[in-house]
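*Asks:* Below is the structure, and that's it, no one-letter string:
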C-alpha cells in the first residue's frame, strides 16, 4: 500500500489498458510518419507509349515517327531463344541477327539520338519468358543485362501472362534478377524504370498475378508502373462498350493494389496509386469475336486516365494503327498491321496520347551511350554514280539510309532527305 495514497492499489487491468493505448499510439505514430514520407514522394508525370512488334511483317518504322504521341516507344518482345537461356526477339532473331537483318541497333540509336525514349519489353504472349528457361537468378540477370546494355535503355517492361504467371520458381528468379539490375544501376548513379505488365479481368487481377507482384515487392523492387492489359474481356461490344469494362477493371485493381502496397509498408495515397498504375489497350478489333476498342472508347479511356492521373497509357500496337484495306479479311482473325475499324493513319495513338506528356525514367545521353559501340554495319557507302531502287540501303556520313524510290545522284545526307518527296529515308546511325 502506498503511503502517499493510502488505500489505493495498483490495478492490473488499468495497466494493461494503458500499455495497449501506448502501443496503439506508437503504431499510429509510426504509420503517420511512414504515411507522410510516402505522401511527400513526387511521382513522374503520366506518359503514353505505343508498343511495337519488332518482328512483325511489314516492318513498322518506329524510328521515323514524328509527333508528341511517339515520344515514347515500347519494343517487344524479348523472349528465350532457341538455346534456352539466351535472349531473342520473338524467338526469331538473336540481338546480333536483329542488328544485321532488322537494323535494330541503328533504329534504337536513332530514337535515342532524337531525345525520345525506348522501353524494352521482356515476355509477352508468345514464346518463353527468359525466367522460365534460365535456371538461376544470376544467369537470368546476365541475360537481362545484356539486352539492357546493348540498347542503352533506362526503362524495361516485364509482360507476364499465360503459363508464366503460375510459374512460381521462375517468378522468384525474375524478381531477384530485376532487383539486382535496379540496385546495380543505382550504384552506378543511374536509374532503371521498371514496369510490370499483367492481365486483368473486369473484377481485377487473379491470385497468380498478386503473387508475381508480391515477389517483386518482397525482393525490394519498386514497381514504377503496374500496367494492366485491358483487352480481350470476352464481352461483345454491342452488349457493353469496352471502355466501360476497362474503367471497371482499373477501379477494381486500384483497390487491390493499394491493399498490396499497404501490406508491404508502402503507404501511398489513392492519387499516388493511380500514378503507379497503367493500362494497355488493344486498338480496334480484339482477339475475341465482336469485341472492339472503338475510337470513342479510346477517347473515354484517355479522359478517365487524365481525370485520375493514371501513370501510363499504352496500346498494342503502333503496327496496327491503320485502317485495313478492302482485301483484308478482319472477320477471320486479328491482323498485325491494321485495326479492323475505320480510322485515319495513327489516329488511335493521337487520341490516347492526349495530355500525357511524361516519359518513363530519364532520357538516354546518346553521345555517351553509343560512342564506343563497334559498328557491325555491312552496307556499302553511297555512290554518286549508282542507280538505286526502292529498298536499297547505304551508309552516308555515318548514317544508314534506305531508298524509298528509284534515284541516282541524290545524296542521302543532303538537306532534302528531310522532305516528304525525298528518295531516301534515314534509318539511324551506323552503329
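*Replies:* In hand now; what should we look at? Since this is a predicted model, take the numbers as computed values, not measurements. Residues are numbered from 1 along each chain as shown.
*Asks:* Could you give the bridge partners of the spatially most central residue of the chain?
*Replies:* With distances taken as Cα atoms, centre = their mean, the residue of the chain nearest its centroid is residue 157 (4.3 Å). Counting by DSSP bridges, residue 157 forms beta bridges with residue 121, residue 195.
*Asks:* how near is it to residue 207?
*Replies:* Distance of residue 157 to residue 207, given as Cβ to Cβ, to the nearest Å: 23 Å. C-beta: built from backbone N, CA, C; applies to glycine.
*Asks:* Equivalent analysis for residue 50, please.
*Replies:* According to Cβ to Cβ, residue 50 stands 31 Å off from residue 207.
*Asks:* ok, the two, which is more surrounded?
*Replies:* Just comparing residue 50 and residue 207: by other Cβ atoms under 10 Å the higher neighbour count belongs to residue 50, 28 against 8.
*Asks:* Now do the residue nearest to the more buried one when sequence neighbours are not counted against residue 181, distance only.
*Replies:* Excluding the flanking residues, the one nearest residue 50 by Cβ to Cβ, 6 or more residues apart in numbering is residue 318, at 3.9 Å. Between residue 318 and residue 181 the computed distance is 26 Å (Cβ to Cβ).
*Asks:* and those two? which has more neighbours close in?
*Replies:* Taking other Cβ under 10 Å, residue 318 and residue 181 do not tie; residue 318 has more neighbours (25 against 19).
*Asks:* show me what contacts the more buried one?
*Replies:* Residues near residue 318 by Cβ atoms under 8 Å, 6 or more residues apart in numbering: 50-52, 60, 62, 65, 70, 73, 349.
*Asks:* before we move on, what about residue 241?
*Replies:* 294, 296-297, 300.
*Asks:* let's see it at 10 Å
*Replies:* 235, 247, 292-294, 296-297, 300 (Cβ atoms under 10 Å, 6 or more residues apart in numbering).
*Asks:* ditto for residue 133
*Replies:* So residue 133 contacts 79-81, 83-86, 127, 139-140, 143, 170 (Cβ under 10 Å, 6+ apart).
*Asks:* got those as CSV, with neighbour count columns?
*Replies:* Shown next, in CSV, are those (neighbours: other Cβ atoms under 10 Å):
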residue, neighbour count
79, 25
80, 22
81, 23
83, 10
84, 13
85, 18
86, 17
127, 21
139, 17
140, 25
143, 21
170, 23
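*Asks:* among these, which are in strands?
*Replies:* Members of those lying in strands (criterion: DSSP state E): 79-81, 84-86.
*Asks:* for those, which one is nearest residue 213?
*Replies:* Among the ones in strands among the contacts of residue 133, residue 79 lies closest to residue 213 (Cβ to Cβ), at 21.4 Å.
*Asks:* just for the chain, where's the confidence low?
*Replies:* 1-11, 13-41, 331-332, 415-420 (pLDDT under 70).
*Asks:* Which SSE is immediately downstream of the strand or helix carrying residue 299?
*Replies:* Assigned by DSSP states H and E, residue 299 belongs to helix 295-308. On the C-terminal side of helix 295-308, the closest following helix or strand by DSSP H and E is strand 312-316.
*Asks:* Dump the ones in strands among the contacts of residue 133 into TSV; add distance to residue 378 as well.
*Replies:* Output for these, formatted as TSV (distance: Cβ to Cβ, whole Å):
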residue	distance to residue 378
79	26
80	27
81	22
84	29
85	29
86	23
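*Asks:* Kindly tell me how buried residue 255 is, as a neighbour count.
*Replies:* Quick note: residue 255 (other Cβ under 10 Å) scores 11 neighbours.
*Asks:* Now name the helix or strand holding it.
*Replies:* helix 242-263.
*Asks:* what about whichever helix or strand comes after that helix, distance to the chain center?
*Replies:* Next helix or strand after helix 242-263 toward the C-terminus (DSSP H and E): helix 270-275. Chain-centre distance of helix 270-275: 18 Å, with Cα atoms, centre = their mean, to the nearest Å.
*Asks:* cool, and stretch 239-247?
*Replies:* Distance of stretch 239-247 from the chain centroid (Cα atoms, centre = their mean) equals 23 Å.
*Asks:* Can you list the buried residues in that stretch?
*Replies:* Using 16 or more other Cβ atoms under 10 Å as the test for burial, stretch 239-247 gives 241-243, 245-247.
*Asks:* Check stretch 254-272 too.
*Replies:* Going by neighbour count (16+ other Cβ under 10 Å), the buried part of stretch 254-272 is 254, 256-258, 260-261, 266-268, 272.
*Asks:* just stretch 421-431 next, same as before
*Replies:* 422-431.
*Asks:* And stretch 274-288, by the same measure?
*Replies:* 274-286, 288.
*Asks:* can you check stretch 208-223 too?
*Replies:* In stretch 208-223, counting by 16+ other Cβ under 10 Å, buried: 208-210, 212-213, 215-217, 219, 221, 223.
*Asks:* From the chain's centroid, how far away is it?
*Replies:* Relative to the centre of its chain, stretch 208-223 is centred 17 Å away, using Cα atoms, centre = their mean.
*Asks:* swap in stretch 278-293?
*Replies:* 18 Å.
*Asks:* repeat for stretch 98-115
*Replies:* Remark: stretch 98-115 is offset 18 Å from the chain centroid, using Cα atoms, centre = their mean.
*Asks:* How is this structure divided into domains?
*Replies:* 47-367, 375-429 (automatic domain parsing).
*Asks:* how close does the residue nearest to the centre of the chain get to residue 196?
*Replies:* Taken as Cβ to Cβ, the span from residue 157 to residue 196 is 8 Å.
*Asks:* Show me whatever sits in contact with both of the two.
*Replies:* 123, 225, 227, 278.
*Asks:* Now secondary structure and distance to residue 44 too, for the residues you listed, in JSON lines please.
*Replies:* JSON lines is the format used below for the shared contacts of residue 157 and residue 196 (DSSP: H, G, I helix; E, B strand; the rest coil; distance: Cβ to Cβ, whole Å):
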{"residue": "123", "secondary structure": "strand", "distance to residue 44": "23"}
{"residue": "225", "secondary structure": "strand", "distance to residue 44": "9"}
{"residue": "227", "secondary structure": "strand", "distance to residue 44": "14"}
{"residue": "278", "secondary structure": "strand", "distance to residue 44": "11"}
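*Asks:* helix/strand/coil for residue 379?
*Replies:* The three-state label given to residue 379 by DSSP: H, G, I helix; E, B strand; the rest coil is coil.
*Asks:* Run a quick check on it versus residue 430, I expect a contact.
*Replies:* Yes: when contacts are counted by Cβ atoms under 10 Å, residue 379 is listed as touching residue 430 (7.7 Å).
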